[in-house]
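1. What shape does this take:
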Amino acid sequence: MIVRNKEGLIKALYAKQSFTYGGHVSADISKNVYIIRDYDTIILIVSLGGVIEFFNNRFYSVTTSRLQKLLKEIFNINAPERKAYLFNTEPKRAFCLADGIAGKAFFNNDGSLAFFVEWINGENMHFISPTLLTQVISLKLADTWCGIEAKLLRGED
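-> You can find the predicted model right below:
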């Protein structure tokens, strides 16, 4: 469905309907989750039961900020900082864009990621250093693969 005004946008969000709005905002239902994107960037993943899985509050543009503010109001999201929030911190399946690298991502108490990563070579598995990971990693959030940017922090960062 095409939504043409803010009132229609609000109604579609409350009803968790699939839609496009303004040529850049879209919402779809996939595997029992409601996914809202802005310019193909995932902004929100919420279960159909209303549980928030992921909210991206990073700054992209004034237009995206307006959408993020509206989503916070509609879905009652507490996200004061301009960063991505992962509300479900159970271990997630992880996949690196380099060939054969897979594993799990765990979340530390401070919200940072810890990777348990393996390099699969035929039937052999070798542990690899996280410093070998590429900048883009996909995590499986609520049965949906989401690309994330990974920055490996050093003590001085």
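2. Now do stretch 54-62: distance from first to last residue.
-> Using CA to CA, to the nearest Å, the end-to-end distance of stretch 54-62 comes out at 21 Å.
3. Equivalent analysis for stretch 34-45, please.
-> Taking CA to CA, the first and last residues of stretch 34-45 lie 6 Å apart.
4. swap in stretch 57-66?
-> Length of stretch 57-66, first residue to last, CA to CA: 11 Å.
5. Now it: buried residues?
-> For stretch 57-66, the neighbour count (16 or more other CB atoms under 10 Å) marks 57, 64 as buried. C-beta coordinates here come from the backbone N, C-alpha and C atoms, glycine included.
6. ok, which stretches of the protein are helices?
-> Here the chain has its helices, by DSSP state H, at 6-14, 62-75.
7. can you give me the strands for this protein?
-> Secondary structure of the chain by DSSP state E: the strands cover 2-3, 19-21, 25-30, 33-38, 41-47, 52-56, 84-86, 92-96, 101-107, 113-121, 124-127, 136-141, 144-149.
8. Going by mean pLDDT, which of those comes out lowest?
-> Across the strands of the chain, strand 124-127 has the smallest mean pLDDT, namely a mean of 46.
9. residues near Arg82, how many?
-> Using other CB atoms under 10 Å, Arg82 has 12 neighbouring residues.
10. Check Leu44 too.
-> 26.
11. again with Ile45
-> Residues near Ile45, counting by other CB under 10 Å, number 24.
12. wait, doesn't it sit right on Glu53?
-> Yes - using CB atoms under 8 Å, Ile45 and Glu53 qualify as a contacting pair, with a distance of 4.3 Å.
13. re earlier: among the helices of the chain, which comes closest to Thr41?
-> helix 62-75 (7.9 Å; CB to CB).
14. what mean pLDDT does that closest one have?
-> What helix 62-75 shows for mean pLDDT is 94.
15. Pull the residues that contact that helix.
-> 9-10, 13-14, 24-25, 36, 38-39, 41, 43-44, 46, 50, 52, 55-57, 59, 77-79 (CB atoms under 8 Å, 6 or more residues apart in numbering).
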